[in-house]
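Enquirer: give me the fold of what follows.
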Amino acid sequence: MEKGKKKYNLYTDSERMSYIREYLSSPESKYQFCKRIGVCCKVLNYWLVKYQIEDKVMKSCEKTTESSVVSAAMAELQKELSLLRAENRKLQSALADESLSHEACEELINLAESTYHIKVRKNSDAK
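Expert: Residues are numbered from 1 along each chain as shown. Next up is the predicted model:
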């Protein structure tokens, strides 16, 4: 008993593009869409590759991937910002302490010069 030859449907470019547009705009899965129109999923994949069109499943995965990457980057930036703010507060505190220390030293020098009538500060013109 001989098997009958499989019948192949030949589609024009406009028909293929029409099916691709319909698939991309429909909420159906690829399998459901292919079953409805009577085309193998591999054929639809071939058409998508041939016309260089991204699959809608891939687009949604990329969107979620992009959003997760963006949210991870935002979290990293927020962490870095909080660390930089903490470092800034620490440095401002250290600067205030050094400024106060400098003022105290200046006051001690002034007090020593007025009390003992001696020059404590260096002469900047001396060689």
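
Enquirer: okay, CA-based contacts and neighbour counts for the rest of this
Expert: OK.

Enquirer: just want the most central residue of the protein.
Expert: Centre of the chain computed as the mean C-alpha position; nearest residue by C-alpha atoms, centre = their mean is Val70, 3.6 Å away.

Enquirer: now the strands for the chain?
Expert: With DSSP state E as the definition, the chain shows no strands.

Enquirer: could you point out which residue ranges in it have low pLDDT?
Expert: 1-4, 6, 57-64, 124-127 (pLDDT under 70).

Enquirer: ok, and what's touching stretch 99-115?
Expert: Outside of stretch 99-115, the residues that reach it under the criterion C-alpha atoms under 8 Å, 6 or more residues apart in numbering are Ile118, Lys119, Val120, Arg121.

Enquirer: report the contact partners of the first one.
Expert: So the one you mean is Ile118. The neighbourhood of Ile118, defined by C-alpha under 8 Å, 6+ apart, consists of Ala112.

Enquirer: before we move on, the earlier item: closest one of the contacts of stretch 99-115 to Trp47?
Expert: Using C-alpha to C-alpha, Arg121 comes nearest to Trp47 of the contacts of stretch 99-115, at 87.4 Å.
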